[in-house]
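In: Got a predicted structure here, sequence first:
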There are 2 protein chains.
Amino acid sequence: MRTSPYETIWYNASLATMTPGGAPYGTIRDGAIAARDGRIAWVGARAELPDAPERLAERAIDAGGGWITPGLVDPHTHLVFGGDRVADFERRVAGESYVAAAAGGSGILHTVSMTRTADEATLLRDALRRVRTMIAHGTTTLEIKSGYGLDVETEMRLLRVARRIGSELGISVRTTYLGAHVVPPEYAQRRDEYLALICDVVLPRVAAEGLADAVDVFCDAIAFSPAETARVLEAAQRLGLAVKVHADQIADTGAAAVAARFHALSADHLERTGDEGVRLLAEAGTVAVLLPGAYHYLRETVKPPVDALRAHGVPIALATDCNPGTSPVLTLPTAMNLGCVLFGLSPEEALAAVTRNAARALGLNDRGELRAGARCDLALWNAASPAELSYWLGGSPCAGTVIAGRPLSS
Amino acid sequence: MRTSPYETIWYNASLATMTPGGAPYGTIRDGAIAARDGRIAWVGARAELPDAPERLAERAIDAGGGWITPGLVDPHTHLVFGGDRVADFERRVAGESYVAAAAGGSGILHTVSMTRTADEATLLRDALRRVRTMIAHGTTTLEIKSGYGLDVETEMRLLRVARRIGSELGISVRTTYLGAHVVPPEYAQRRDEYLALICDVVLPRVAAEGLADAVDVFCDAIAFSPAETARVLEAAQRLGLAVKVHADQIADTGAAAVAARFHALSADHLERTGDEGVRLLAEAGTVAVLLPGAYHYLRETVKPPVDALRAHGVPIALATDCNPGTSPVLTLPTAMNLGCVLFGLSPEEALAAVTRNAARALGLNDRGELRAGARCDLALWNAASPAELSYWLGGSPCAGTVIAGRPLSS
């Protein structure tokens, strides 16, 4: 009986390792990747393998001359929800604004109402369909927020569904409690009581049951103030949970500064963040998660401060922001295309934004680059260059994904 | 032996028949469609079927409670080409304009150079991959233009590849000769000789061999003048070929008026067409084919005159414009989303634009609506409403397509 040093080797591919500091994309031409125990055990030029792939591994996979990238990481989604917001979409393309929709009782509160009445099986079934599409286009790690329940039971249900998506599909899911998404209608005149519910009731339960990896607050003109945000983030940090902030999408209310003060993993949106906010994010080591899907759907004209983020060295991530209202976007290559076309990111920045920087936005330092010791999460592409991932729209050249060394599709 | 009146019946679906004048989308709730000999033999409410579906047809297909629309029609693509234009994409997101790229020797001429050196098998293999993605998202009829060869042999090769896509995949392909795309470099100082080549050499051969269903001219500031366009369209009409025009994308040179004068099937792009041009299109019965993919990729700010087209009653179609330079868009639901978000079409207008009006833009009056006698080209959708086709981006709820009564995927 032969014992191979590796379980699987992928060869006959160019590798976009995304390791910074070297060639563009950290490229290795004619490379190979060897996996053992769910991790990358070896990565390099195929010529440097000490033997033929099929003699070194139980399984040698010819990648057909395409590209292999780190499995893509989607650091911001709201993909578990009931119903849809097609009616909002129809009104918006006819000219109505997002703020008007929110004020008119549609918007997020419509989804809250649909989600509260949806049972766990229905929520799971619909979300699984969306996540399967994401995986088919390269996603291997996914953040999922609650925030369409707001009441205790529905928020817990959303987080349980998010956890089940991970166990059912084998994809890596990070959950985020977003009770502070909007004030629910039953607390409309009692904001303070709602914040007390979040901080004193739901957060401790969520933490005790291990349902959330992080806590998020929508800090903006139509949601929570910086002071309210700070109250929730403090409560989260007392419980040992990581924090993040929806910041400055609609108005610059100083949300980026709050995110920085709490050393948030990420500050997300940032369309209206000023230079001082960017400077504070840089100092705090907070990642900027840009959400071009919402920018597209809302026909925004004010872009996030990409040049300032670059100048200050804030890492830029991209996410689908998959949600029924402002970003029914299903795949990361779509977010990459929108990030390039709408925000002027380069295709290399867009790929770093959904690998290395997106992993950092989730506090995960074991993925997002192809290097020995990292999780063996890969995406395989029928492409002549990694820029093609950002180039196409409405389809991607994804040929398969690998999660913890295990091929999921091809 | 039992003889069923129908070959196939689809039931348990809402039907968006797209027949104008009645309910939105021509909707029939809880409908059924029966096919015989590749055509729709019966369509209506399931309750009006004279017997159970499985007793009326050899095959009864439960559509699972989703929606059925006419198979989608893509009336404008350049999807057979060599190489890619990723380098143009990278320069453009960094700020360079399309016109500058064209002047700098990249642009269309770069693809011409890559296409001339590509053999027929490679062109076919790459194009088939793209068309399979299109079919998976609902397309059942497809226009394909030449125009990346410009010399006689390569143009013929492109049209042959287009025809082969139809025969290999069973999809309905309409071919268009676009020799007048740009002046090739070898004729740079001899425009008139190039036009003579098109009119006196290539057009007669293309017509004699039955390789083209129509002839198109890129009539714009960086391509051909209205007078040059008229010369090509006249030659085409003498040979009995239908005509169409790329009109007023970059400047209003009067291209829409030329299209109208020749009663073109369609005038395409129209970003800069003025009110008089729209009026002439309406009089001529020419369809406006809008191409929001190019608008997105080029970061255009001048929209086609949608309100004027509506006011004058010009039928509006949408297409992917699938091409490597300005619209690497693969699916019609993507074009529908962009048409709604960028141009303000309603989801119902967007669906009419890729069914009824797109069929008319190709001169096909046997499809684009679900009605008895039409070809049985269908698209099946896992959706709660037909507006969902325009709502998602980066994936579509397409559950299968049917071409001439034959299910292609599910």
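Out: Now that the structure is in, tell me what you want to look at. Note that the structure is predicted; figures quoted are calculated from it, not measured.
In: From here on, just use CA atoms for contacts and neighbour counts.
Out: Fine.
In: ranges for the helices of the stretch 51-200 of chain A?
Out: A:53-56, A:86-93, A:98-103, A:107-116, A:120-136, A:152-169, A:191-196 (DSSP state H, counting those that start in this stretch).
In: quick one, what contacts the closest residue to chain B within the stretch 151-300 of chain A?
Out: Nearest to chain B, among the residues of the stretch 151-300 of chain A, is A:Y297, at 6.3 Å (C-alpha to the nearest C-alpha). Contacts for A:Y297 (C-alpha atoms under 8 Å, 6 or more residues apart in numbering or on different chains) come out as A:T326, A:S327, B:V341.
In: wait, what's in contact with the first one?
Out: This points to A:T326. A:G293, A:A294, A:Y297, A:L298.
In: Now with 10 Å, please.
Out: A:R85, A:D88, A:F89, A:Y98, A:G107, A:I108, A:G293, A:A294, A:Y295, A:H296, A:Y297, A:L298 (C-alpha atoms under 10 Å, 6 or more residues apart in numbering or on different chains).
In: Distance of the second one relative to B:A23?
Out: So the one you mean is A:D88. Plainly put, A:D88 is 21 Å away from B:A23 if you go by C-alpha to C-alpha, to the nearest Å.
In: can you list the weak-confidence ranges in chain A?
Out: Residue ranges of chain A with pLDDT under 70: A:1-2, A:98, A:101-106, A:409-410.
In: Show me how the record splits it into domains.
Out: For chain A, the structural domains run A:6-70+A:369-408, A:72-361, going by automatic domain parsing.
In: need those domains in a markdown table with distance to B:F218, can you?
Out: Formatted as a markdown table, these follow (distance: least, C-alpha to C-alpha, whole Å):
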| stretch | distance to B:F218 |
| --- | --- |
| domain A:6-70+A:369-408 | 24 |
| domain A:72-361 | 25 |
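In: Let me know whether stretch A:115-125 sits next to chain B.
Out: No - residues of stretch A:115-125 contacting chain B under C-alpha under 10 Å from any C-alpha of the partner chain: none, with a closest distance of 12.7 Å.
In: Could you work out the end-to-end span of that stretch for me?
Out: First residue to last in stretch A:115-125 (C-alpha to C-alpha) measures 13 Å.
In: next one: stretch A:267-282
Out: 11 Å.
In: If you count neighbours, what's buried in it?
Out: Neighbour counts using 16 or more other C-alpha atoms under 10 Å in any protein chain shown place A:267-274, A:277-282 of stretch A:267-282 among the buried residues.
In: For that stretch, what is the distance to the chain centroid?
Out: From the chain centre to the centre of stretch A:267-282 is a distance of 18 Å (C-alpha atoms, centre = their mean, to the nearest Å).
In: ditto for stretch A:254-261
Out: 20 Å.
In: ditto for stretch A:147-161
Out: On C-alpha atoms, centre = their mean, the centre of stretch A:147-161 falls 19 Å from the chain's centre.
In: The residue nearest to A:L378 when sequence neighbours are not counted: how many residues sit nearby?
Out: Once flanking residues are discounted, A:L378 sits nearest to A:G71: 4.0 Å by C-alpha to C-alpha, 6 or more residues apart in numbering or on different chains. For A:G71, the neighbour count with other C-alpha atoms under 10 Å in any protein chain shown is 29.
In: So which of the buried residues of stretch A:267-282 sit within strands?
Out: A:A267, A:D268, A:H269 (DSSP state E).
In: Tabulate these (JSON lines), appending distance to chain B.
Out: Shown next, in JSON lines, are these (distance: C-alpha to the nearest C-alpha, whole Å):
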{"residue": "A:A267", "distance to chain B": "24"}
{"residue": "A:D268", "distance to chain B": "20"}
{"residue": "A:H269", "distance to chain B": "19"}
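In: Is it correct that A:T8 is in contact with A:I33?
Out: Yes - in terms of C-alpha atoms under 10 Å, A:T8 counts as a neighbour of A:I33; the distance is 8.2 Å.
In: Now do the shared contacts for these two.
Out: In contact with both A:T8 and A:I33: A:I40, A:A41, A:P53, A:A60, A:I61, using C-alpha under 10 Å, 6+ apart.
In: and the second one, how far is that from chain B?
Out: Same thing as A:A41. Using C-alpha to the nearest C-alpha, to the nearest Å, we find A:A41 at a distance of 33 Å from chain B.
In: just the third one next, same as before
Out: In this structure, A:P53 and chain B are separated by 29 Å, where distance is defined by C-alpha to the nearest C-alpha.
In: where does the closest residue to A:D126 other than its chain neighbours fall, phi/psi-wise?
Out: Among residues not flanking A:D126 along the chain, A:V80 sits closest, at 7.8 Å (C-alpha to C-alpha, 6+ apart). Phi and psi for A:V80, reported as degrees, to the nearest 10, are phi -100, psi 110.
In: Any idea how far apart the tips of stretch A:107-126 sit?
Out: Using C-alpha to C-alpha, one end of stretch A:107-126 lies 20 Å from the other.
In: dump the residue contacts of the most centrally placed residue in chain A.
Out: Taking C-alpha atoms, centre = their mean as the criterion, A:P75 is the residue nearest the geometric centre of chain A, at 1.7 Å. By C-alpha under 10 Å, 6+ apart, A:P75 lies in contact with A:141-145, A:173-174, A:266, A:268, A:289-290, A:317-321, A:353-355, A:357-363.
In: ok, now with 6 Å
Out: By C-alpha atoms under 6 Å, 6 or more residues apart in numbering or on different chains, the contact set of A:P75 is A:E143, A:A319, A:A358.
In: Double-check that A:A399 belongs to a helix.
Out: No - using DSSP: H, G, I helix; E, B strand; the rest coil, the assignment for A:A399 is strand, not a helix.
In: Burial check on it, number of neighbours?
Out: 20.
In: can you give me how far stretch A:135-155 is from the chain middle?
Out: Taking the mean of its C-alpha atoms, stretch A:135-155 sits 10 Å from the chain's own mean (C-alpha atoms, centre = their mean).
In: Does it reach chain B?
Out: No - under the criterion of C-alpha under 6 Å from any C-alpha of the partner chain, stretch A:135-155 makes no contact with chain B; the nearest approach is 9.1 Å.
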